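Chemist: Attaching a predicted model along with its sequence, questions to come.
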Amino acid sequence: MRGLLILCISAISLCAAEDAKLWSSAEIKAMAEKMAAKKEKVGTESLVVYGNYQMSVAYRNASGEAELHQTKNDIFYIVSGSCTLVTGGTIPNSRTTQSNEIRGPAVSGGTKHKLGPGDFLTIPAGIPHQMLLDAGAEITYAVVKVNVK
């Protein structure tokens, strides 16, 4: 009986993880507006977390720190706004902020990419990156973080 219960719970968990989930553009816009209303530099709304990936919506109204994720690929889709994304190079004066996560004040020697609505990109694990925003600019983007190790 106990084995059957464990099997049923496992099946329910698998089915739940495989169900499709849609977030409409109106829902994404509402999340961004809610984050913008808080007047914070950056906001993140988690959408879903599965075993090997997580999805969220992020909003920012200021440049971020340089980042390097040692075990996660980032996948971004720009919903609204714009920024300059710097990728590659190094992060001088970096520090470990949590396991496999490095941050610092800036990326040095990277490549600059202008991003705007509809742009879709990936940043492999181990690549330094930083979002730079012009004064008064805002950006909303969908993020998928995929575990690679």
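Modeler: Great, that's in hand.
Chemist: And the helix or strand hosting Glu33, what does it pack against?
Modeler: Secondary structure from DSSP states H and E places Glu33 in helix 25-37. In terms of contacts (3 or more C-beta pairs under 8 Å, 6 or more residues apart in numbering; DSSP states H and E), helix 25-37 is packed against strand 42-49, strand 53-60, strand 72-81, strand 139-147. In short, each C-beta sits where N, CA and C put it, glycine included.
Chemist: mind putting those in a markdown table, distance to Val107 included?
Modeler: A markdown table is the format used below for the helices and strands packed on helix 25-37 (distance: least, C-beta to C-beta, whole Å):
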| stretch | distance to Val107 |
| --- | --- |
| strand 42-49 | 17 |
| strand 53-60 | 16 |
| strand 72-81 | 14 |
| strand 139-147 | 17 |
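Chemist: surely Ile78 meets Gly118?
Modeler: Yes. Counting by C-beta atoms under 8 Å, Ile78 touches Gly118, with 6.6 Å between them.
Chemist: For the two, indicate the residue with more neighbours.
Modeler: Taking neighbours as other C-beta atoms under 10 Å, Ile78 and Gly118 compare with Ile78 leading, 19 against 9.
Chemist: Who are the contact partners of the closest residue to the more buried one other than its chain neighbours?
Modeler: Excluding the flanking residues, the one nearest Ile78 by C-beta to C-beta, 6 or more residues apart in numbering is Asp119, at 4.5 Å. Asp119 makes contacts with Phe76, Tyr77, Ile78, as judged by C-beta atoms under 8 Å, 6 or more residues apart in numbering.
Chemist: Just give me the residue closest to the centre of this protein.
Modeler: Closest residue to the average C-alpha location of the chain: Val143 at 3.5 Å, with C-alpha atoms, centre = their mean.
Chemist: who are the neighbours in contact with it?
Modeler: Here Val143 is in contact with Thr44, Met55, Ser56, Val57, Ala58, Asp74, Ile75, Phe76 (criterion: C-beta under 8 Å, 6+ apart).
Chemist: Any stretches of the protein with poor pLDDT?
Modeler: 1-18 (pLDDT under 70).
Chemist: please redo it, this time with the cut-off set to 90
Modeler: The chain contains residues with pLDDT under 90 at 1-20, 39-40, 51, 149.
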